[in-house]
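In: Okay, predicted coordinates and the sequence, questions at the end:
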Amino acid sequence: MNYQNTIEFAKGLDEKDPLREFRNKFFIPQHEGKDCVYLTGNSLGLQAKTTSLYVQQELDDWAKLGVEGHFKAKNPWMPYHEIFPKQLAKIIGCKENEVVVMNQLTVNLHLLMVSFYRPSRERYKIICEAKAFPSDQYAFETQAKYHGFDPANAVIEILPRAGEHTLRTQDIISTIQEHNNTVAVVILGGVNYYTGQLFDMKAITDAAHAVGAYAGFDLAHAAGNVELALHDWDVDFACWCSYKYLNSGPGGVAGVYIHDKHVTNKDLPRFAGWWGYTKASRFKMEKGFDPIPTAEGWQLSNAPVLSMAAHKASLDIFEEAGMERLHSKRKLLTAYLYFILQDINSRQQEKVLDIITSSEEAARGCQLSIRMLQRGKEVFNDLAKQGVIADWREPNVIRVAPVPLYNSFEDVWKFGAIINQLIG
Ligand SMILES: Cc1ncc(COP(=O)(O)O)c(C=O)c1O
């Protein structure tokens, strides 16, 4: 498409957008009586207007029924989490028995590593991207230590080439091959939180399997953002949070995927709890853990229903919008943002910004990470004063993510217009 950096062009794209009404389903934060330009759905997704109704339903049933709500609530709490696999399977690209909603992201990463990081003296390495999100780095470091390994030897970080910001797939694969049968597990972010790079998860999984290692992904920045086909890619495990693209509220309940071929394996080590116990006999309260033969077998505790209700409110909107339409709009929105940023550079005598996220659609999701070459922090602070909510990462990166459910092409144009005015 031949994009133009004008408000008329942006409004024209909005008029043609089949998802344009979905913006009205969300509360848009306000600035001086007007909608903010909210570009941080990659950090905290917005609240759906239906969220309070979904949560209120459970509060009402709790008030009316007390403990009996576990069975008699409109959405009985005992099996509440069972409403999620159908919807999440479409978002994550897996079978319903491979997905469960539970706990929070870092907790789930540790629980999955209990099952999939079982190092031996020969095979003990964790391969990950350099500058993985800090919580993941701490998980890898402490898991290695827990098993008696020195993280300096056990955690192998893949760095971009000199002068580059993102990783080349061939470098990820050659690192895995180089460490060969010393690799226990390969874990990357599906989309890197800092650069917005979408990794080739299938190629990485194949390379991990070829050296006899497991492959897992932290999908915090991928779930609800990019196309995923975890089952078909043969990914062993994955986890994600629901408060970014999935709009389920701060600290919302998280999700886990475990491949079909592992979920029935009762011998896989795990840290167990009663909610993972075979349902038919759970309440016999007997000794000896007998796991549910699906991803539910990794659950520990009974369902946090209030948080799950907020999750459900957002997933119902995803269902209505449909993943195909969301992906089509996402690609257009981000391509338009890319074009606008390039246009800003072309109007200046020297480059004022550098987009470190890939120019290729297949290597990115919603987010673009912009390295500010001049007055970065100042520009960022001025953006905030003009009602743009973006995200600053030291030393000089502004991360922005137009989200197809509630961002408009006009949002993207406004963001560019403000940057232009601040820099020009
Ligand atoms: C890639 C990634 N991993 C892990 C986390 C930590 O998530 P939580 O605090 O929900 O465990 C985040 C949070 O933003 C993240 O972006």
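Out: Right, received. Where do you want to start? Numbering: from 1, shown residues only.
In: Longest strand in this protein, please.
Out: strand 183-189 (DSSP state E).
In: Check which helices and strands the very next helix or strand once past that one is in contact with.
Out: Next helix or strand after strand 183-189 toward the C-terminus (DSSP states H and E): helix 201-210. Counting contacts by 3 or more Cβ pairs under 8 Å, 6 or more residues apart in numbering; DSSP states H and E, helix 201-210 packs against helix 169-179, strand 183-189, strand 214-218, helix 230-233. C-beta here means a position set from N, CA and C on the backbone, and glycine is covered the same way.
In: I'd like to know which elements the last one is packed against.
Out: Secondary structure elements in contact with helix 230-233, counted by 3+ Cβ pairs under 8 Å, 6+ apart, are helix 201-210.
In: Is the closest residue to the ligand within the stretch 201-350 of the chain in a helix, a strand, or coil?
Out: Closest residue of the stretch 201-350 of the chain to the ligand, Cβ to the nearest ligand atom: residue 220 (3.6 Å). When classified by DSSP: H, G, I helix; E, B strand; the rest coil, residue 220 comes out as coil.
In: quick one, what contacts it?
Out: 105, 133, 189, 193, 240-241, 244 (Cβ atoms under 8 Å, 6 or more residues apart in numbering).
In: Give me the contact list for the lowest-mean-pLDDT helix or strand in the chain.
Out: Lowest by mean pLDDT, DSSP states H and E among the helices and strands of the chain is helix 279-282, with a mean of 89. Here helix 279-282 makes contact (Cβ under 8 Å, 6+ apart) with 274-275, 290, 292.
In: Secondary structure, neighbour count and pLDDT added to those, as TSV?
Out: Output for the contacts of helix 279-282, formatted as TSV (DSSP: H, G, I helix; E, B strand; the rest coil; neighbours: other Cβ atoms under 10 Å; pLDDT from 0 to 100):
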residue	secondary structure	neighbour count	pLDDT
274	helix	13	96
275	helix	20	96
290	coil	15	95
292	coil	20	97
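In: Spell out which parts of this protein neighbour the ligand.
Out: Residues of the chain lying close to the ligand (Cβ under 6 Å from any ligand atom) are 104-106, 133, 135-136, 189, 193, 218, 220-221, 241.
In: now do 8 Å
Out: Contact residues, the chain versus the ligand (Cβ under 8 Å from any ligand atom): 43, 104-107, 109, 132-133, 135-136, 189, 192-193, 218, 220-221, 241, 243-244, 251, 254.
In: Residue 24 - how many residues pack around it?
Out: 9 (other Cβ atoms under 10 Å).
In: List the backbone torsions phi and psi for the closest residue to it other than its chain neighbours.
Out: Leaving aside its chain neighbours, residue 24 sits nearest to residue 49 (7.9 Å; criterion: Cβ to Cβ, 6 or more residues apart in numbering). Dihedral angles of residue 49 (phi, psi; degrees, to the nearest 10) stand at phi -70, psi -20.
In: I'd like to know how many residues surround residue 49.
Out: By other Cβ under 10 Å, 13 other residues sit near residue 49.
In: please begin residue numbering at 494 from this point
Out: Renumbered: residue one is now 494, and that last one reads residue 542.
In: residues contacting it?
Out: Each residue near residue 542 by Cβ under 8 Å, 6+ apart is listed here: 517-520.
In: again, only this time at 10 Å
Out: By Cβ atoms under 10 Å, 6 or more residues apart in numbering, the contact list for residue 542 reads 517-520, 806, 810.
In: out of the residues you listed, what pair is the most spread apart?
Out: Greatest spacing in the contacts of residue 542, by Cβ to Cβ: 517 and 806 (14.8 Å).
In: still on that earlier bit, and of the contacts of helix 772-775, the nearest to residue 636?
Out: Set against residue 636, the nearest of the contacts of helix 772-775 by Cβ to Cβ is residue 768 (23.2 Å).
In: Quick check: closest non-adjacent residue to that closest one.
Out: Closest to residue 768 by Cβ to Cβ, 6+ apart is residue 792, at 4.0 Å.
In: Test my guess that that neighbour contacts residue 749.
Out: Yes. Counting by Cβ atoms under 10 Å, residue 792 does reach residue 749; the two are 8.9 Å apart.
In: ok, back up a step: need the helices and strands packed on helix 694-703 in TSV with mean pLDDT and mean neighbour count, can you?
Out: Shown next, in TSV, are those (pLDDT from 0 to 100; neighbours: other Cβ atoms under 10 Å):
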stretch	mean pLDDT	mean neighbour count
helix 662-672	98	16
strand 676-682	98	26
strand 707-711	98	27
helix 723-726	98	19
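In: Can you redo those as TSV, where the extra columns are distance to residue 866?
Out: Converted to TSV, those look like this (distance: least, Cβ to Cβ, whole Å):
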stretch	distance to residue 866
helix 662-672	26
strand 676-682	26
strand 707-711	30
helix 723-726	37
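In: Good, wrapping up.
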